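Chemist: A predicted structure for the sequence below; I have some questions about it.
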Amino acid sequence: MKRVLSTTLVLFTIILLIFGAVMFFTITNFTSYNTSLTVDEDNRLLSSDGESITILQLTDVQTANLIECAMAYPSVKRMVDKCKPDMIVLTGDNISDNSDTMVLSAFISLMDSFELPWALVFGNHDRNSAVSMEDICSSIEASRYSLFKTGYLDDRYGNYYYNIELQGETVRTLIFMDSAKSNFTEEQVEWYENTVSSISKREGEVIPSFVFFHIPIQQTEAAHQIYAENSSVGSGIQADKVDVQDEDTGFFDTAKTLGSTDALFYGHDHRNNTFIEYEDILFCYGRKTGTTVYFEPGMTGANLITVTADDFTVERVDWK
C-alpha cells in the first residue's frame with residue numbers, strides 16, 4: 001500500500017513539474033512583439049501614425065485550473081506569434097468555473113507577457129470563478145498592458161470604450177459590453193447610446209464602431225436563418241445551435257438608429273465561426289481559442305481584424 005502511494009506521489013509530482021515547465025515557457029515572452037499603437041488611457045485613445053492597425057480576437061480560452069492553462073496557453077501564444085497584432089481583444093470566458101487566484105494570475109501573466117495592449121469582456125463562465133468579480137476586475141485593471149476598465153453598470157462589469165486614431169484622425173470606436181450570464185440591461189443600452197452620441201457630437205460626425213461582447217444577441221438567430229437560405233450573405237460554419245441572450249433589451253434597434261456600429265464580435269458557441277451580413281451589420285463569431293472544454297477539430301484559432309481609415313476586414317486564422 002505504501003509503495004502504491006509512493007509511486008502515485010512520484011507520478012503526480014512529475015505531472016506537476018511537466019505542466020509547470022509548460023506554463024513557464026508559455027507565459028515567458030521570448031519573442032519580440034511590436035505595436036504601432038500609442039495608448040492614452042486617460043482620454044481612452046489608441047493612436048498610430050500608420051495607415052492601419054490589426055486586432056487579434058481570441059475567445060473562450062476558458063481555463064479552470066493550471067492544467068487547463070497549460071493546455072490552452074500555447075494556442076494563445078501561437079496565434080499572437082502567427083498574426084503579430086497591434087492589440088488583442090478577448091471576447092469572454094477567459095477563465096472558468098471554480099478557477100482560483102492562481103489561474104487568474106496565470107492568465108494576466110500570459111497576456112502581459114506579449115507586451116501588447118489587450119482588452120477583454122467577460123463571459124458567463126468568468127462569473128462562476130471562485131474569485132469575486134470585483135477582485136477579478138481590480139486585478140486585470142491594475143495589470144501593466146491591460147486596457148480594461150471596470151465600467152460597472154447594473155451588475156455588469158467591463159463596459160468601456162476606446163477610440164482609434166490613425167494619422168491624427170479618429171477613425172473608429174471600440175466598445176466593450178458585458179452580457180454577463182444572460183443579456184444586456186436597459187441601462188447598458190442607454191450607456192451605449194450615450195457613448196456613441198457623445199463621440200459623434202465631439203467629432204462632428206458619426207464615427208464607425210465595433211462592439212465586443214460574449215453571448216450573441218437575439219438577432220443572431222435571424223441572421224443565421226437568412227444565411228442558411230442564402231450563403232452569399234456570409235461565410236463559415238455553424239455546428240452549434242446559436243445560444244443567444246435571453247432577452248432583447250433594445251441594443252440592436254438602438255445600434256441601427258445610431259448608424260455607428262457596423263460589426264459585432266462575440267463568442268460563447270465554440271463550434272460556430274460564421275461571419276454574416278445582417279441589416280448592414282456584420283455578425284462575427286470569434287474562433288474558439290485552445291482545446292479546453294469542447295471544440296471542433298480544425299475550427300480553433302482566432303480572428304484577425306484590420307482597421308483602416310475607411311474600412312475594415314476580418315480574417316479567420318487557423319491553429320495550423
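Modeler: Good, I have the coordinates.
Chemist: buried residues in stretch 99-115?
Modeler: Ser99, Val103, Leu104, Ala106, Phe107, Ile108, Ser109, Leu110, Met111, Asp112, Ser113, Phe114 (16 or more other Cβ atoms under 10 Å). (C-beta placed from N, C-alpha, C; glycine too.)
Chemist: work out the gap between it and the centre of the chain.
Modeler: 15 Å (Cα atoms, centre = their mean, to the nearest Å).
Chemist: if we can go back for a sec, what is the nearest of the buried residues of stretch 99-115 to Glu279?
Modeler: Met111 (34.0 Å; Cβ to Cβ).
Chemist: quick check, that closest one in contact with Arg144.
Modeler: No. Here Met111 lies out of contact with Arg144, judged by Cβ atoms under 8 Å, at a distance of 9.5 Å.
Chemist: looking at the buried residues of stretch 99-115, which are in strands?
Modeler: Cross-referencing those against strands under DSSP state E gives no overlap.
Chemist: want to throw those residues into CSV with distance to Leu90 and pLDDT?
Modeler: Below are the buried residues of stretch 99-115 laid out as CSV (distance: Cβ to Cβ, whole Å; pLDDT from 0 to 100):
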residue, distance to Leu90, pLDDT
Ser99, 15, 97
Val103, 14, 98
Leu104, 13, 98
Ala106, 14, 98
Phe107, 9, 98
Ile108, 12, 98
Ser109, 15, 97
Leu110, 11, 98
Met111, 8, 98
Asp112, 13, 97
Ser113, 14, 97
Phe114, 12, 97
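Chemist: could you tell me which of those belong to helices?
Modeler: Val103, Leu104, Ala106, Phe107, Ile108, Ser109, Leu110, Met111, Asp112, Ser113 (DSSP state H).
Chemist: ok, of those residues, which one's closest to Thr300?
Modeler: Out of those, the member with the shortest distance to Thr300 (by Cβ to Cβ) is Leu110, at 16.9 Å.
Chemist: separation between the closest one and Val307?
Modeler: 24 Å (Cβ to Cβ, to the nearest Å).
Chemist: before we move on, what about Ser146?
Modeler: Here Ser146 is placed at a distance of 20 Å from Val307 (Cβ to Cβ).
Chemist: comparing the two, which residue is more hemmed in?
Modeler: Higher neighbour count among Ser146 and Val307: Val307, with 22 against 18, using other Cβ atoms under 10 Å.
Chemist: report the contact partners of the residue nearest to Leu104 when sequence neighbours are not counted.
Modeler: Among residues not flanking Leu104 along the chain, Val131 sits closest, at 5.5 Å (Cβ to Cβ, 6 or more residues apart in numbering). Neighbouring residues of Val131 by Cβ atoms under 8 Å, 6 or more residues apart in numbering: Ser99, Asp100, Thr101, Leu104.
Chemist: on that earlier part again, would JSON lines of the buried residues of stretch 99-115 with distance to Asn303 be doable?
Modeler: Output for the buried residues of stretch 99-115, formatted as JSON lines (distance: Cβ to Cβ, whole Å):
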{"residue": "Ser99", "distance to Asn303": "24"}
{"residue": "Val103", "distance to Asn303": "24"}
{"residue": "Leu104", "distance to Asn303": "24"}
{"residue": "Ala106", "distance to Asn303": "24"}
{"residue": "Phe107", "distance to Asn303": "20"}
{"residue": "Ile108", "distance to Asn303": "22"}
{"residue": "Ser109", "distance to Asn303": "24"}
{"residue": "Leu110", "distance to Asn303": "19"}
{"residue": "Met111", "distance to Asn303": "17"}
{"residue": "Asp112", "distance to Asn303": "22"}
{"residue": "Ser113", "distance to Asn303": "21"}
{"residue": "Phe114", "distance to Asn303": "17"}
